[in-house]
Structure formats: structure tokens, C-alpha cells
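Undergrad: How does the following fold in three dimensions:
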Amino acid sequence: MTSFSRRRFIQTTSAAAFSSTALAREAPASNAKLPVCVFNKPLQHLNYEEQAHLVAKMGFVGIEGTVRANGHVTPEKVKTDLPDQIEALRKNGVGMTLMTTDVNHADSEVHRRVLETAASLGVTQFRMGSIKFTYNRPIQDQLDEIKVTFEKLVSFCQPLGIKPLYQNHAGAGRFGAALWDIYEVIKGYDPIDVGIAFDIRHAVVEGGQSWPTEFHLLRPWFGFVYCKDFEWEDGSKKPSNVPLTTGQVDYPAFFKTLKKSDYTGPISLHMEYINHKDPQLLDKSIAAIKADKKALDTLIGG
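TA: All right, here's what the predicted structure looks like:
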């Protein structure tokens with residue numbers, strides 16, 4: 001069980017880190033503008049300084065930075081490259097609002113190094129790696145094993161002052177796709193110690209009209225909200241990413257629900273409908289991010 005002193009320690013270190021990444025502001029009222037960062041996956045063709053300058057110029061408070069295989073920072077170089085990236089962000093008045101990783105356990109020396117390095121630099125939250133079910137064993141047995149994995153990871157992260165978040169992601173075999181399974185794993189935890197990156201796009205793909213139920217079930221553990229959109233491909237059962245507010249997600253209803261819940265941020269904008277792997281499409285990616293941010297700002301302010 002998390003002690004009061006443990007909670008105060010995390011709250012104190014989180015506040016200090018928030019300040020160091022230019023995100024220290026009074027907690028906004030429920031009708032205040034929510035802080036928005038951008039998932040940096042489409043911007044990895046830029047160097048750290050170029051990316052930081054662009055993100056600040058576009059009006060984001062920071063980035064959701066990839067520290068994983070094929071990320072802007074790779075785990076093997078985290079001790080040398082992550083300080084450089086965060087320094088570039090700070091010089092431009094923004095921060096690493098969230099770190100996205102492959103980490104879903106603390107058994108690996110590389111995973112431990114990623115978390116220790118990030119925490120020492122003031123990063124207070126990270127997105128875990130994906131976990132998948134197999135169908136040759138009982139699902140409940142696998143859920144029990146995932147609970148142990150979370151317990152070990154949270155125990156490792158608590159002294160560092162860094163909190164794991166798990167993203168709900170649509171897809172067959174994905175732990176968390178239905179959201180109820182995430183609840184079964186984290187329901188006994190204080191939200192200070194573990195949380196969810198609530199992805200409304202993936203919640204609608206899997207739950208359709210039932211997303212408000214999952215929203216309210218998991219709302220106490222929201223550490224982040226992800227915004228992106230999708231459309232069902234013609235003649236297919238597959239979802240295809242599209243510009244924000246042009247697809248199946250009912251964003252006016254979502255933001256009405258979000259504001260009523262007194263969520264105060266942050267939000268991460270994910271632009272995933274242009275191929276981020278092609279450097280020739282970088283300008284198109286930047287233009288798309290700007291357009292999506294304009295739409296998101298309207299939703300937040302509306």
C-alpha cells in the first residue's frame with residue numbers, strides 16, 4: 001500500500017519536474033485551456049534542436065517523446081542522447097511531457113536504465129510497452145501474470161518518482177483493448193502510482209458507443225488523454241487514421257464528457273495518417289499536425 005509520505009514524495013518531485021520542463025502552472029480550472037503536447041513520432045527526421053524549436057513555435061507545451069527501438073532516442077543511447085534532447089526542449093521553453101517506451105517490466109537492465117535516466121532528468125510519466133494475450137492459455141491466468149508484472153514495475157518506479165501509464169490500443173490479442181482488463185489490473189492502485197493513457201480513438205474502435213462507460217470506469221487513473229481519429233475503410237473492417245474531427249470519434253461529445261469530469265490535462269495529439277517513415281513527407285506531416293492542433297484548440301476552447 002502506498003504510504004502518505006510516499007505520495008507526498010511523488011507529488012513533490014513531480015511538481016519540481018513539471019516546473020523544469022516549463023509546464024509548471026497553477027492547476028487549471030475545469031473550463032481552462034488544457035495543456036497539449038505532440039507525439040513526436042512524425043517529427044523524428046528532425047534533430048533535437050530543430051524539433052524543439054518547431055514544437056514551441058506551433059504552440060505545444062512539449063512532446064510525447066519516443067525512447068524505444070527505432071525511437072528518436074534509442075534505449076541503448078539513453079544516457080547520452082536523452083539529456084541532449086531534454087536540454088534542447090528546455091532551451092526552447094517546452095518539455096518532455098511524456099516518454100513513450102517499450103518498457104513493460106523492470107527485469108531488463110536496459111529498461112531500468114531508461115527509467116532511471118528519465119527520472120533523473122525530471123520525466124515524471126512514461127507510456128509502457130504493449131502487452132499481448134495468447135489464446136493457448138486461459139486469459140485469467142495471463143491477467144494474473146500481468147498483475148504481477150505491474151506490481152514489480154510500480155515497485156521499481158515509486159522510489160524514482162516516475163509513473164507508468166498503459167495505453168488502451170485496439171486490436172486482436174492486445175491487453176487493454178477492451179479497457180475492462182486494464183481496470184482489473186490497476187483497480188487496487190493509487191492513481192498517483194500507476195495510470196492510463198486514455199486513447200479515445202482506440203476506445204471507439206473497440207467499444208463503439210460504449211466508450212463513456214469505459215471512460216467513467218477508468219477516469220480516476222487518467223494520466224494522459226490521446227486525441228486522434230479514424231474512419232472505417234470502404235469494403236473493409238479495418239480502421240484507417242484520418243484528420244482529427246473528420247472520422248468516427250464524436251469529439252464534441254467526448255470533450256463535453258472530459259470537461260464535466262474536471263480533467264485538467266495533459267492531452268497528446270497523435271497525427272498518424274501520413275507515413276512518418278518517409279522523410280520526403282515531413283512537410284506534409286508538419287502541415288497536418290498544425291491543422292489537427294487548430295481543430296483540437298477549437299474543441300478545448302469550445
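Undergrad: how deep is the closest residue to residue 45 other than its chain neighbours tucked in, by neighbour count?
TA: With CB to CB, 6 or more residues apart in numbering as the criterion, residue 45 has its nearest non-adjacent residue at 4.5 Å, and that residue is residue 279. Where you see a C-beta, it was placed from the backbone N, CA and C, and this is true even at glycine. Neighbour count of residue 279, defined by other CB atoms under 10 Å: 11.
Undergrad: now swap in the one 3 residues further on and tell me
TA: Residues lying near residue 282 (other CB under 10 Å) number 16.
Undergrad: measure it to residue 270 for me?
TA: Using CB to CB, to the nearest Å, residue 282 is found at 17 Å from residue 270.
Undergrad: Ramachandran angles for the residue nearest to residue 45?
TA: The phi/psi pair for residue 279 (degrees, to the nearest 10) reads phi -60, psi -20.
Undergrad: Likewise for residue 108?
TA: Dihedral pair for residue 108: phi -90, psi 140, per degrees, to the nearest 10.
Undergrad: What's the local residue count around it?
TA: For residue 108, the tally of surrounding residues (other CB under 10 Å) stands at 13.
Undergrad: if I read this right, residue 257 contacts residue 215, doesn't it?
TA: Yes - using CB atoms under 8 Å, residue 257 is in contact with residue 215, at 6.2 Å.
Undergrad: Give me the contact list for stretch 232-240.
TA: 170, 205, 230, 231, 248, 273 (CB atoms under 8 Å, 6 or more residues apart in numbering).
Undergrad: quick one: contacts for the nearest residue to residue 63 once chain neighbours are set aside?
TA: Closest residue in space to residue 63, ignoring its immediate chain neighbours: residue 40 at 4.4 Å, by CB to CB, 6+ apart. By CB under 8 Å, 6+ apart, the contact set of residue 40 is 51, 55, 63, 64, 65, 66, 72.
Undergrad: can you do 10 Å?
TA: 46, 48, 51-52, 54-55, 60, 62-66, 71-73, 85, 96, 100, 268, 276 (CB atoms under 10 Å, 6 or more residues apart in numbering).
Undergrad: can you check residue 108 too?
TA: 75, 102, 114.
Undergrad: Which one of those is nearest to residue 138?
TA: Lowest distance from residue 138 to the contacts of residue 108 (CB to CB) belongs to residue 102, with 26.3 Å.
Undergrad: so the residue nearest to residue 45 makes contact with residue 286?
TA: No - with contact defined as CB atoms under 10 Å, residue 279 does not count as touching residue 286 (11.9 Å).
Undergrad: Can you show me the helices along the protein?
TA: Along the chain, counting by DSSP state H, helices occupy 4-20, 48-57, 78-91, 109-120, 139-157, 180-186, 200-207, 211-218, 251-260, 282-301.
Undergrad: So for the third one, mean pLDDT?
TA: Just to be clear, that refers to helix 78-91. Averaging pLDDT along helix 78-91 gives 98.
Undergrad: in it, what counts as buried?
TA: Using 16 or more other CB atoms under 10 Å as the test for burial, helix 78-91 gives 78, 81, 82, 85, 86, 88, 89, 90.
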